[in-house]
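Student: turn this into a model:
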Amino acid sequence: MKEVIIQANDANQRLDKFLQKTFPNLSKSMMYKGIRKKKIKVNRKRCSFDQVLEEGDWILLFLPPEFLEEKVRKVSSGSDALDIVYEDANLLILHKPVGLLSQSDGSNADCLVDRMQRYLIKKGEYSLAEHSFSPAICQRLDRNTEGLVIGAKNADTLRTINTAIAQRKVKKIYQAECCGHISKPVEMNYYIKKVGTKAMVSKTKKEGYQEAKMDLIPLAYTNDSTFVEVHLHTGRFHQIRALCASIGHPLVGDHKYGYKGEKKGYHLIAMQLNLEAVDLDLPQKIFTIPGLVRKM
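Tutor: Numbers count the residues shown, from 1 in each chain. Have a look, this model is predicted:
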C-alpha cells in the first residue's frame, strides 16, 4: 500500500492528473481500473478520476509496488548566482544573463530554473517532497538573450501568470541593436513558421504560419546601427530576430539571420515587464532593467 498526503502545491488538480505526474509507471488503464475497483481511495472513501484534490487529502493506493515508484525529483548542482530584481511570497522577477539557459535542455548545463530552485530550497520555501509541482519560470529567453524573467514559487501563481500570458496581459518590452538606420517607428504584422532551428517569415498568411506582431521604436544611433525599443504583441519563436532581418535590419552580431559583419553575439535584452493587467497583489507592477539606452 502507498499513502500520499496532498501538499498546498499539489492541490486544485484532478486526481488522475496528479497520479499521472507522480507515478510514471502507473498506466492510465490500471489507474482507472484501480479507481473503479476501489484500489485507489481518497480519505478512505471511494473517489472519481476527475475529483479535484484539496490540501491535506489522503490518497491510498492498494496496488503492486512496482507501479508506485514516484518520479525522481532532483535539482542539479551549479552556480548559486541569481540576480533578483523583485521577490515576494509568490514570485520572483529574475535578471537572466547572456549565456545561461532558461531551463534544462537535457544536458548537465546549468540553467536559470535550477538556480531558482536551489535558492528556494536553501530558503526553506521549496521541498523535493512536493509531489507534482516544482517552482518554474513563466516565460523563456534564448540562451544568448539577456533580460527579465518571471519565476513562480507556487502552483496558483504559475497558473495565474500563465493564463495572463496566454491572454496577452503581460506586456514585454525589449531593446535591440539593429543594422542600418531605422528613421521612424515601424509597425510589423507578419507571419512566422519554425523550420528546424530558424524562423521563416511571410508577409501573408500561409498554412503552418502564425501571426507575429511587434512595433519598433528608434532610440539612438551609431554610425551603422540603430538601438530600438521593441514592443511585442505576440511571442513567436525567434520573432524579434527574424522580423528585423526580414525588413533588412538584422540584429548586429546575429549571423544566423543575415548579419555580415565581424561582431559575435547580438544585443537583445528583455528590458521591461508590465504586470498591470495581471490579477496579483504587488506593490509595483512594472519592472525595468536600469542603465540601458534611452531615447535621445
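
Student: residues in contact with the residue lying closest to P24 once chain neighbours are set aside?
Tutor: Closest residue to P24 apart from its sequence neighbours, by CB to CB, 6 or more residues apart in numbering: K71 at 5.4 Å. Yep, even glycine has a C-beta here, placed from its N, CA and C like the rest. Counting by CB atoms under 8 Å, 6 or more residues apart in numbering, K71 makes contact with 21-24.

Student: K71 - that's part of a strand, no?
Tutor: No - counting by DSSP: H, G, I helix; E, B strand; the rest coil, K71 is located in no strand; its state is coil.

Student: straight-line length of stretch 176-186, end to end?
Tutor: Distance across stretch 176-186, first residue to last, is 14 Å (CA to CA, to the nearest Å).

Student: in that stretch, what counts as buried?
Tutor: Using 16 or more other CB atoms under 10 Å as the test for burial, stretch 176-186 gives 176-179, 182, 186.

Student: stretch 7-18 now?
Tutor: 7, 9-11, 13, 15-16, 18.

Student: among these, which ones are in helices?
Tutor: Judged by DSSP state H, these include 15-16, 18 as members of helices.

Student: please name the nearest non-neighbouring residue to D110.
Tutor: Per CB to CB, 6+ apart, closest to D110 is G78, 3.8 Å.

Student: cool, and I40?
Tutor: Nearest one to I40, counting by CB to CB, 6+ apart, is G34 at 4.2 Å.

Student: that neighbour: which element?
Tutor: Secondary-structure assignment from DSSP states H and E places G34 in helix 28-36.

Student: after that helix, next one along is what?
Tutor: strand 40-42.

Student: chain center to the helix or strand following that following strand, what's the gap?
Tutor: Per DSSP H and E, the first helix or strand lying C-terminal to strand 40-42 is strand 58-61. Offset of strand 58-61 from its chain centre (CA atoms, centre = their mean, to the nearest Å): 32 Å.

Student: how far away is the residue nearest to P24 from L112?
Tutor: Distance, K71 to L112, by CB to CB, to the nearest Å: 22 Å.

Student: now I59
Tutor: I59 is 33 Å from L112, by CB to CB.

Student: likewise S79?
Tutor: 11 Å.

Student: which one of the two has more residues nearby?
Tutor: A count of neighbours by other CB atoms under 10 Å puts L112 above the other of S79 and L112, at 23 against 10.

Student: quick one, what contacts the more buried one?
Tutor: 94, 96, 100-103, 137, 149, 151.

Student: model confidence for it, exactly?
Tutor: Looking at L112, its pLDDT stands at 96.

Student: for it, grab phi and psi.
Tutor: phi -60, psi -40 (degrees, to the nearest 10).

Student: gap between it and H95?
Tutor: 10 Å.

Student: shared neighbours, those two?
Tutor: In contact with both L112 and H95: V149, using CB under 8 Å, 6+ apart.

Student: average pLDDT for stretch 55-73?
Tutor: Mean predicted confidence for stretch 55-73 is 87.

Student: mind listing what's buried in that stretch?
Tutor: Here stretch 55-73 shows 57, 59-61, 63, 67-68 as buried, counting by 16+ other CB under 10 Å.

Student: again, but for stretch 255-265
Tutor: 256-259.
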